[in-house]
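In: Provide a 3D model corresponding to the input given below.
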Amino acid sequence: MNFDKLIEWAVIVVLAYAMTGHLGTLQRWIWREQAKVLYASRASAWPTPRLWTEPKIRR
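Out: Okay, the predicted model is just below:
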């Protein structure tokens with residue numbers, strides 16, 4: 001995969017926030033989004049797999 005453009009974009013964003021003095025705001029935003037991802041990926045949020053259920057037989 002080509003991550004060169006993504007890395008360049010991320011560096012530009014970090015440098016822009018650092019130059020304007022809002023690096024702490026960027027860090028809090030990153031931590032908040034990471035917490036959201038971790039909360040959404042918890043095991044209790046996964047659906048129950050029903051791959052091997054037996055088919056219903058009608059008589």
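In: just the buried residues of stretch 8-16, please?
Out: Within stretch 8-16, no residue counts as buried by 16 or more other C-beta atoms under 10 Å. In short, each C-beta sits where N, CA and C put it, glycine included.
In: and what of stretch 28-46?
Out: For stretch 28-46, it's none, nothing buried (16+ other C-beta under 10 Å).
In: ok, now which ones touch the residue nearest to the spatial centre of the chain?
Out: By C-alpha atoms, centre = their mean, the chain has its centre lying nearest to residue 37, at 4.5 Å. Contacts of residue 37 were listed using C-beta atoms under 8 Å, 6 or more residues apart in numbering, and none were found.
In: who's in contact with residue 3?
Out: By C-beta under 8 Å, 6+ apart, residue 3 has no neighbours at all.
In: can you tell me how far it sits from residue 17?
Out: 20 Å (C-beta to C-beta, to the nearest Å).
In: okay, now the unreliable bits of the chain?
Out: 1, 45-55, 59 (pLDDT under 70).
In: quick one: the strands in the chain?
Out: Using DSSP state E, no strands are found in the chain.
In: for it, what spans make up the helices?
Out: 4-20, 23-40 (DSSP state H).
In: tell me how far the shortest one lies from the chain's centre.
Out: I take that to be helix 4-20. 19 Å (C-alpha atoms, centre = their mean, to the nearest Å).
In: go on, the longest one?
Out: Its chain's C-alpha centre and that of helix 23-40 lie 10 Å apart, by C-alpha atoms, centre = their mean.
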